[in-house]
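Asks: build the 3D model from these lines:
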Amino acid sequence: MRFAHFSHVWCKAGMTPHQRYEQLWREVELCDQIGFDYAFCVEHHFTPRESWMSSPSVFVAAAAARTRNIRLGAMGNVVPLHHPVRLLEEVALTDQVTNGRVEVGLVPGIQDTYFKHFETNFADRRAITHEFARFMKSAFEQGSPASWDGELIKVDDLELSVLPIQKPGPPMWMESRDPPTLELCAELGMHTGYFLLFPRSEAHTRYGPYLAKWKQQQAGTPNIAYSTVVFVDETDEAAMAKAKDDAGKAYKGFFSTDDDWDKIRAKQESTAAYFEQRGDPGAGEIIKNMLDPDFLIEKDLVLIGSPDTVAKKLRSWAEEGMFNCFFGEFNFGEMAEDDLMRSLRLFGEEVIPQLRDYEPF
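Replies: Sure, this is the predicted structure:
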């Protein structure tokens with residue numbers, strides 16, 4: 001299994017953005033020292049009471065300056081918000097800056113408010129994201145100059161100042177459970193993954209075909225990631241006492257950035273209805289209850305416990321949920337930094353070694 005420190009860079013009461021980022025660097029430095037494979041961030045915009053991460057390239061460059069081995073990237077870049085040539089250049093340059101440690105996550109985006117302010121078309125977001133993945137792979141394989149004549153991207157004799165260190169280019173990811181997107185990922189050799197709102201018991205229906213198609217077209221084994229919040233302490237009781245309530249608040253910003261619980265509940269209900277109409281009733285149920293810590297614990301959707309408990313659960317989850325890479329969000333709620341750093345250290349020193357050699361497929 002592989003392991004990632006994953007961060008929304010959620011805002012913290014009493015912290016300035018600068019202070020919050022200084023804390024983030026301490027987290028990433030520790031992860032680099034204790035054996036994490038990756039450090040990933042999101043790309044969110046216009047969310048001052050939720051995420052303070054609007055520029056993944058800044059995250060990559062700053063984290064690279066403080067680390068030596070851990071691989072870095074966005075999970076993911078919201079492709080439609082970027083000019084494709086500009087994003088191509090940033091990927092190449094950050095790979096040089098990190099000495100070949102970049103992983104490239106690409107996503108179409110789910111917040112229409114981002115698109116309004118960037119004056120881009122929300123309806124076309126998936127098409128441009130898919131085409132950009134093909135364009136980037138082709139451009140790095142061609143080298144410079146590169147050309148591309150697509151439906152949405154057209155480039156003729158593009159001379160890039162910098163190409164990536166990694167050849168033919170950095171590893172690519174597109175987290176999705178959409179079958180056509182997963183077909184594209186298998187075709188292009190892109191890793192994938194999913195978030196806690198998709199029931200692990202249903203994962204084989206989406207990722208089984210992806211894995212089969214990958215093995216037909218690619219060498220090796222892809223990364224399929226699973227992401228949720230995680231907290232580790234010396235005992236199950238200590239971990240639950242410190243993290244249960246914060247786990248129930250972790251994803252509040254997905255539904256509202258204020259404290260109007262009527263608005264939050266209305267947003268949960270409307271979002272759940274959308275997923276139910278798409279034929280994802282399991283996701284709908286989770287969305288309705290994402291802010292209920294008792295539901296999260298009962299349904300085994302957050303990872304809280306002693307090192308042995310967490311390792312045992314992760315192994316069981318990976319088998320059930322068909323994933324071989326875990327994205328842990330360690331800094332959530334308002335937990336004290338001492339608790340946060342102890343959780344990270346216990347995970348790195350006592351959980352990862354128990355699972356490093358385990359491959360669920």
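
Asks: show me where this structure has helices.
Replies: Along the chain, the segments classed as helices by DSSP state H run 17-34, 56-66, 84-97, 112-118, 125-142, 179-188, 203-217, 236-249, 261-277, 281-288, 293-298, 307-321, 337-346, 352-355.

Asks: not counting its neighbours along the chain, what's nearest Arg68?
Replies: Nearest-residue entry for Arg68: Asp32, 6.3 Å, with adjacent residues in sequence omitted and distances by Cβ to Cβ, 6 or more residues apart in numbering. In short, each C-beta sits where N, CA and C put it, glycine included.

Asks: mind listing what the residue of the chain positioned farthest from its centre touches?
Replies: Of all residues in the chain, the one whose C-alpha sits farthest from the chain's mean C-alpha position, using Cα atoms, centre = their mean, is Asp157 at 33.3 Å. Contacts were defined as Cβ atoms under 8 Å, 6 or more residues apart in numbering; by that measure Asp157 touches Pro145, Ala146, Ser147.

Asks: quick check: the gap between it and Phe135.
Replies: Here the criterion is Cβ to Cβ, to the nearest Å. By it, Asp157 lies 14 Å from Phe135.

Asks: so which residue is dead centre in this structure?
Replies: The centroid of the chain falls nearest to Met75 when counting by Cα atoms, centre = their mean (4.0 Å).

Asks: so it sits against Phe327, correct?
Replies: Yes. In this structure Met75 lies within contact range of Phe327 using Cβ atoms under 8 Å: 7.1 Å.

Asks: shared neighbours of those two, which are they?
Replies: Among the neighbours of Met75, those also in contact with Phe327 (Cβ under 8 Å, 6+ apart) are Ala4, Phe6, Phe40.

Asks: burial count for Tyr207?
Replies: In terms of burial, Tyr207 registers 23 neighbours under the definition other Cβ atoms under 10 Å.

Asks: report the separation between it and Leu303.
Replies: As for Tyr207, its distance to Leu303 is 20 Å (criterion: Cβ to Cβ).

Asks: low-confidence ranges, this structure, go.
Replies: Applying pLDDT under 70 to the chain flags no residue at all.

Asks: swap the cut-off to 90 and go again
Replies: When residues are selected by pLDDT under 90, those of the chain lie in 13, 47-50, 110-117, 119, 121, 123, 252-263, 271, 274-275, 278-280.

Asks: what is the burial count for Glu237?
Replies: The number of residues packed around Glu237, counting by other Cβ under 10 Å, is 11.

Asks: look up how far Gly282 lies from it.
Replies: Glu237 sits 30 Å away from Gly282, going by Cβ to Cβ.

Asks: now stretch 106-125: how far from the chain's centre is it?
Replies: Here stretch 106-125 is found 18 Å from its chain centre; the criterion is Cα atoms, centre = their mean, to the nearest Å.

Asks: same deal with stretch 267-276?
Replies: Once both centres are worked out by Cα atoms, centre = their mean, stretch 267-276 turns out to sit 22 Å from its chain's centre.

Asks: kindly report the same for stretch 103-118.
Replies: Per Cα atoms, centre = their mean, the displacement of stretch 103-118 from the mean C-alpha position of its chain is 13 Å.

Asks: contact partners of it?
Replies: Outside stretch 103-118, the residues touching it (Cβ under 8 Å, 6+ apart) are 38, 40, 43-46, 71-81, 91, 121-122, 125-126, 128-129, 132-133, 136, 169-175, 190.

Asks: can you pull the contacts of Ser144?
Replies: Listed by Cβ under 8 Å, 6+ apart, the contact set of Ser144 reads Leu158, Glu159, Leu160, Leu163.
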